[in-house]
Structure formats: C-alpha cells, structure tokens
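[1] Here is a sequence together with a model predicted from it:
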Amino acid sequence: MGALIAWFSGSRFALAVGKWAAITLTISLFLLSFRRSGERAGRLAERIEKQEKTNEIQRRMLEAASRRPRNRGELAKRLRDGEF
C-alpha cells in the first residue's frame, strides 16, 4: 500500500491533478473574495445614500427653523399678511 501511495504521489497524473486542484481552489477563493467585497461596497453605498437623505432632511429642518417667526407679534403679523 505504501508503495502505491509513493508511486501515485510521484506520478505525472497526481501532479496534474494537484496542479488543477490548486488552480481551481485559487480561482474559487478569488471569486468568493470578489463577491464579498462587492457586497461590502453595496452596503457602503447604501449607507452613504441613507446618510445623504438624512442630511438633506436636517438641512430642510434648519432652513425652516431659520424662517420661523421669532415671537407672537411676528407670528400675528405673518398671519395678517397671509404669508403662511
């Protein structure tokens, strides 16, 4: 049995199978890594898009707050003038 293993491990067939197995494993690992980095990039893009929407909403709120009436008198004046 030991002689069979020694012959098989040194044969051209075993070397070719080993070479192709290593190539296949390398390509598979590369594709898996590529897929994971794509998923990560997608999540980052989604997070950035969500952050941009949040920033836009906050900017609108700040703009609205800057235009608000400062006191009751200003509020009454705006209501009389029909600015609301």
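    Structure received.

[2] what about the chain, any weak spots by pLDDT?
    In the predicted model of the chain, residues 1-10, 84 satisfy pLDDT under 70.

[3] which element is residue 15 on?
    Residue 15 is part of helix 12-66, with elements assigned from DSSP states H and E.

[4] neighbours of residue 21, just the number please.
    Per other CB atoms under 10 Å, the neighbour tally for residue 21 reads 10. (Glycine included, C-beta is placed from N, CA and C.)

[5] To clarify, my last question referred to residue 69.
    Residue 69, neighbours per other CB under 10 Å, totals 14.

[6] What's the separation between it and residue 76?
    Residue 69 is 9 Å from residue 76, where distance means CB to CB, to the nearest Å.

[7] likewise residue 18?
    88 Å.

[8] Of all residues in this structure, which one is nearest the centre?
    Centroid-nearest residue in the chain, with CA atoms, centre = their mean: residue 43, separated by 2.1 Å.

[9] Identify the residues contacting that one.
    For residue 43, the contact set (CB atoms under 8 Å, 6 or more residues apart in numbering) is empty.

[10] cool, residue 69 as well?
    Applying CB under 8 Å, 6+ apart, we find residue 69 in contact with 75, 78.
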